[in-house]
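K.L.:
For reference, the sequence and a predicted model appear below.
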Amino acid sequence: MYALGAIVFGVILFLRVEDTSPQRFALLDLSEHPPGSATPYVPEAGRFPAFYLVRTEDDEVFAIVRLAPESGCLVEWNEDEGRFQDPCDGRLYDRRGVPVGGQGRALYHLAYERSEIDMVMIDLGRRVPNPHM
């Protein structure tokens with residue numbers, strides 16, 4: 001009986017963790033995001049993180065989680081300087097989310113897929129370590 005309860009709990013936990021709802025994904029059109037831009041997004045479902053969709057001048061695309069790993073504050077994009085800033089502790093991050101000066105932890109990214117027709121599907125439920133560190 002105990003084993004059956006453990007199995008049922010495991011299945012329930014797996015189903016709760018593996019969120020496949022449509023709200024978990026954001027489909028964005030890159031034609032609305034010119035090269036050099038960083039656009040903030042706050043998903044409607046409060047369980048997913050706020051993020052920036054960054055498109056570099058070289059046409060690289062990143063979905064960067066806005067939550068600073070050191071302070072827990074939401075970073076802000078400084079258009080004039082082309083970088084992120086943590087308003088709580090003043091840390092600066094480049095457009096890829098890497099700390100300026102190399103000290104501290106990088107901003108997390110969200111997993112995404114880019115299509116050939118310049119659409120991007122962001123997986124809001126899957127944070128990945130910054131690939132540039």
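P.N.:
On my side now, so go ahead. For clarity, every value in this text was computed on a predicted model and none was experimentally measured. Numbers count the residues shown, from 1 in each chain.
K.L.:
All the helices of the protein, residue numbers only.
P.N.:
Using DSSP state H, the helices found in the chain span residues 2-17.
K.L.:
lowest-pLDDT helix or strand in it?
P.N.:
Least confident helix or strand of the chain, by mean pLDDT, DSSP states H and E, is helix 2-17 with a mean of 40.
K.L.:
contacting residues for Asp86?
P.N.:
Ala68, Glu70, Ser71, Cys73, Val75, Leu92, Tyr93 (CB atoms under 8 Å, 6 or more residues apart in numbering). (Each C-beta comes from the backbone N, C-alpha and C, glycine too.)
K.L.:
For the second one, which non-adjacent residue is spatially closest?
P.N.:
It refers to Glu70. Once flanking residues are discounted, Glu70 sits nearest to Gly104: 5.5 Å by CB to CB, 6 or more residues apart in numbering.
K.L.:
Point out where the protein drops to low pLDDT.
P.N.:
Counting by pLDDT under 70, the chain has low-confidence residues at 1-20, 22, 45.
K.L.:
Strands along that one, start to end?
P.N.:
25-29, 37-41, 51-55, 61-65, 76-78, 83-85, 92-93, 109-114, 119-128 (DSSP state E).
K.L.:
Mind putting those strands into a markdown table with distance to Val100 and mean neighbour count?
P.N.:
Listed next are the strands of the chain as a markdown table, based on distance: least, CB to CB, whole Å; neighbours: other CB atoms under 10 Å:
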| stretch | distance to Val100 | mean neighbour count |
| --- | --- | --- |
| strand 25-29 | 27 | 15 |
| strand 37-41 | 15 | 16 |
| strand 51-55 | 15 | 22 |
| strand 61-65 | 14 | 22 |
| strand 76-78 | 11 | 15 |
| strand 83-85 | 7 | 21 |
| strand 92-93 | 4 | 19 |
| strand 109-114 | 17 | 17 |
| strand 119-128 | 21 | 17 |
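K.L.:
can you list those in TSV and add distance to Pro99?
P.N.:
What follows is those, written out as TSV (distance: least, CB to CB, whole Å):
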stretch	distance to Pro99
strand 25-29	26
strand 37-41	16
strand 51-55	16
strand 61-65	13
strand 76-78	15
strand 83-85	10
strand 92-93	6
strand 109-114	14
strand 119-128	17
